[in-house]
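Chemist: Got a sequence here, can you model it:
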Amino acid sequence: MKRFLAILLCLATLLVGFVACTNGEEEEDKGATIDIYMDETFGFDPALCYNDVGSAEFLSLTYEGLFYMNEKGKIKKGLCKKYKITENEDGSETLVISLGESYWSDGIRVDAADFVYAWNRIMDPEFKCEAAALLFPVKNAVEVKNGDVRRDDIGFYSSGTYEITIDLNVGVDAETFLSNLTSVALYPLRKEVVRSVKDENWASLSAVLVSNGPFYVKSFEMITDSQNDPQSITLERNQYYRREPDTDVSIKKYVTPYRICVHYVTAEEAYEKYKSGEYAFTSDIPLAERKKLLEEVTMLDNMFTYSYMFNMNSETVADPKARQALSLAIDRKAIQDIVVYAEAADSLVSELVYETTKGTSFHKGVISTSAKLEEAKKLASEAGLKGKSITLVIANEAVDIAVAEYCVGVWKQLGVNASYEILSYYGYDYKEEVIKTNSSGDKVIEMETIYEDVCGDKLRDAYNTGTFEKLNKDGKPEVYEFDIIAVNYNMLSTDAFAVLAPFAPKYSGGAYDFSASETEWPLIPHTSGYNSEAYAALIDAAYNAKTPEERAKKLHEAEKLLVADDCVVVPLYFGRTAYLVNDNIKKLDNNFAGHVVWTKAKDKNYVPTVEEAPAPSTGKENETPAA
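Modeler: As a prediction, this is how the structure comes out:
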């Protein structure tokens, strides 16, 4: 098990404590600290959570967007206080959103500029981000992302300190577009925080992170091979969530737990600690216990599809027949039996994605969940796969390893020399160039450690580059190309376009290198390397469709081409959230994406250290904060 070194944020702790004493919190008990175990993550950048289930769940606790979807799929107001839709002369619609009052964890009020900055960052042509597809319904968004028009021409902007205006493309229904605004990827960000550290490292540093949700990341322990204590993340209540810094209203009106301590041990250790009462909750049940606990766990639908994605730049799997052979050899029902809390996948797009509107499902099977081994062997022979080596890269999770062992086993029946590599989180010191004066009085440039133990993710790095690093036979690090990578495809919206569009170059969200040419910038393919004119034409047709039904039809054709015919992605199972929670924990909630909401959770066994003063009545005590 990976071991982590805690970051000691003494100054930050003192400051938080001092501020807390200025708003009345010292007059009441702070509340319970709840110890739990859930999916591991150390990435807190909302724009980059599209293939990290753990990250998406954490972000739903630490950030809040304009809207959210409750457990029934109903769109509810988050930071949006009110909105207005107007129709323009050309038939397009404009959405004007006014923000309610809420504050970042450092006491600064959330404003329209925070949303506009976060969205502009996603739409920056030099920033690689598949979540850009969520904003493509906005006027000029596609053109801005591809560097065809000025960034100032994009159709969203601050029309007031606490007001956002969004001009939509002709044919886009503003009410339907609200579902995109519920996405984790479109949460607000503070420009000075993101830019405080180079190379996007800000999202892995608790020392610089601020949150506008019910909790903020107080600290997290980082990787080291020598420490024997388990790693953990501490989430602490954001004392400014939905209330003014100097108010007398108790924060417990909005957020009940004081701290959520998320521990990372093995699933087996977590289960034992759960049974002993040390942990109140665990959402990663040991594989050996899953079938036994089917009646005890709480199970929720989740908006991710666990899949394998081919590296289209690999010569070994360049032939579609080779990819089809590897997909057809897999019995997805067998994988469902391994994972238990899952359903065999027959498509990439999750069952929770809408066909057109709420109450309609886009899901339509495009592949069989049963293996077709003889057909697979025939295609493998035609593609010349026999004797070739194939490398699959996966996360360091028990479920991922068990699924990989099964798939590698069946691929070997095709005569393929298949293997898998486990890619984990890793720690490093973040350094920057600084100018110093040496003993001779000369100015010199040196690398100085700014933050210790920053956390990186090798699997995410591999996804973005198509390569991974491991030790060669001489014990030295060497870069290798993988053939297949395991991906948790998060459905960032109930819109299938947001899932499928990034596989077309025009909509990929790829990062441009404008230094390469002064006059010409070719479209950037999806990170898989997939570049199909037929697929691109279908996504274009969906983008330009006049009706929701016509749009859905083209997207269905695109999914079939992507998954069944060209076989770029191999869906394996639809994910489920399954957890065990102690009887003393009450008022847990969940949202539509299957994320557990801890905002109002109560530990009935908790004994306050001081008598709590009742919060002043506002007449709104029954309102539920956003998930």
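Chemist: which residues touch residue 485?
Modeler: Residues near residue 485 by C-beta atoms under 8 Å, 6 or more residues apart in numbering: 308-309, 311, 392-394, 459, 462-463. Every residue, glycine included, has its C-beta placed from N, CA and C.
Chemist: And the residues you listed, which is closest to residue 187?
Modeler: residue 463 (21.2 Å; C-beta to C-beta).
Chemist: quick one on the thing from earlier: helices - which of the contacts of residue 485 land there?
Modeler: Counting by DSSP state H, the part of the contacts of residue 485 found in helices is 459, 462-463.
Chemist: that older thread, pull out the buried members of the contacts of residue 485.
Modeler: For the contacts of residue 485, a neighbour count by 16 or more other C-beta atoms under 10 Å gives the buried set as 308-309, 311, 392-394, 459, 462-463.
Chemist: Format the residues you listed as a markdown table; extra columns: distance to residue 283 and pLDDT.
Modeler: Output for these, formatted as a markdown table (distance: C-beta to C-beta, whole Å; pLDDT from 0 to 100):
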| residue | distance to residue 283 | pLDDT |
| --- | --- | --- |
| 308 | 23 | 97 |
| 309 | 25 | 97 |
| 311 | 31 | 95 |
| 392 | 25 | 96 |
| 393 | 24 | 95 |
| 394 | 20 | 95 |
| 459 | 20 | 85 |
| 462 | 25 | 87 |
| 463 | 23 | 88 |
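Chemist: Could you single out the nearest of these to residue 423?
Modeler: residue 459 (4.3 Å).
Chemist: Now that that closest one has come up, it's in contact with residue 395, right?
Modeler: Yes: using C-beta atoms under 8 Å, residue 459 is in contact with residue 395, at 5.1 Å.
Chemist: can you tell me the average pLDDT over the helix ranked longest in the chain?
Modeler: The helix that spans the most residues within the chain, counting by DSSP H, is helix 398-412. In this model, helix 398-412 has a mean pLDDT of 96.
Chemist: what helices or strands is that helix leaning on?
Modeler: Contact partners of helix 398-412 among helices and strands, from 3 or more C-beta pairs under 8 Å, 6 or more residues apart in numbering; DSSP states H and E: helix 332-339, strand 389-395, strand 417-423, strand 484-490.
Chemist: Quick check: buried residues in that helix?
Modeler: Buried, per 16+ other C-beta under 10 Å, within helix 398-412: 399-400, 403-404, 406-408, 410-411.
Chemist: Tabulate the ones in helices among the contacts of residue 485 (JSON lines), appending distance to residue 147.
Modeler: As requested, these are exported to JSON lines (distance: C-beta to C-beta, whole Å):
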{"residue": "459", "distance to residue 147": "29"}
{"residue": "462", "distance to residue 147": "27"}
{"residue": "463", "distance to residue 147": "23"}
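Chemist: Which of the residues you listed sits closest to residue 97?
Modeler: Taking the ones in helices among the contacts of residue 485 together and measuring to residue 97 by C-beta to C-beta, the closest member is residue 463, at 32.6 Å.
Chemist: Contact partners for the closest one?
Modeler: 51, 485, 487, 527.
Chemist: neighbours around residue 278, how many?
Modeler: 11 (other C-beta atoms under 10 Å).
Chemist: Return the distance of it relative to residue 269.
Modeler: Applying C-beta to C-beta, to the nearest Å, the value for residue 278 to residue 269 is 10 Å.
Chemist: now residue 143
Modeler: Distance from residue 143 to residue 269, by C-beta to C-beta: 52 Å.
Chemist: what about residue 481, how many neighbours?
Modeler: 15.
Chemist: is it in a bridge, and if so with what?
Modeler: Bridge pairing for residue 481 (DSSP bridges) gives the partners residue 467.
Chemist: quick one: contacts for it?
Modeler: Residue 481 neighbours (C-beta under 8 Å, 6+ apart): 311, 313-314, 391, 466-467.
Chemist: with the residues you listed in mind, which one is nearest to residue 582?
Modeler: Closest approach to residue 582 among these (C-beta to C-beta): residue 391, at 41.9 Å.
Chemist: wait, isn't that closest one in contact with residue 420?
Modeler: Yes: applying C-beta under 8 Å as the test, residue 391 and residue 420 come out as touching, 7.3 Å apart.
Chemist: Of the helices and strands packed on helix 398-412, flag the one that's most buried.
Modeler: Highest mean neighbour count among the helices and strands packed on helix 398-412 (mean count of other C-beta atoms under 10 Å): strand 484-490, with a mean of 24.
Chemist: Low-confidence ranges, this structure, go.
Modeler: 1-28, 42, 199-200, 221-230, 426-436, 438, 443-455, 513-520, 610-627 (pLDDT under 70).
Chemist: Walk me through the domains of it.
Modeler: Listed by automatic domain parsing, the domain ranges of the chain are 3-264+583-603, 299-423+468-576.
Chemist: Can you say which of those is nearest to residue 609?
Modeler: Among these, domain 3-264+583-603 sits nearest to residue 609 (C-beta to C-beta), with 5.1 Å.
Chemist: for the stretch 251-400 of the chain, what spans make up the strands?
Modeler: 259-264, 281-282, 298-310, 342-344, 389-395 (DSSP state E, counting those that start in this stretch).
Chemist: same thing with the stretch 1-150 of the chain?
Modeler: Using DSSP E, counting those that start in this stretch, strands in the stretch 1-150 of the chain cover 3-6, 33-37, 67-69, 75-77, 80-87, 93-99.
Chemist: do you know how far the nearest residue to residue 542 once chain neighbours are set aside is from residue 534?
Modeler: Spatial nearest neighbour of residue 542, chain neighbours left out: residue 554 (4.0 Å); criterion: C-beta to C-beta, 6 or more residues apart in numbering. Computed as C-beta to C-beta, the residue 554 to residue 534 distance reads 12 Å.
Chemist: With residue 260 instead?
Modeler: With C-beta to C-beta as the criterion, residue 260 and residue 534 are 48 Å apart.
Chemist: and those two? which has more neighbours close in?
Modeler: Of the pair residue 260 and residue 534, residue 260 is the one with more neighbours under other C-beta under 10 Å, namely 24 against 11.
Chemist: Since that was my last question, I'll sign off now.
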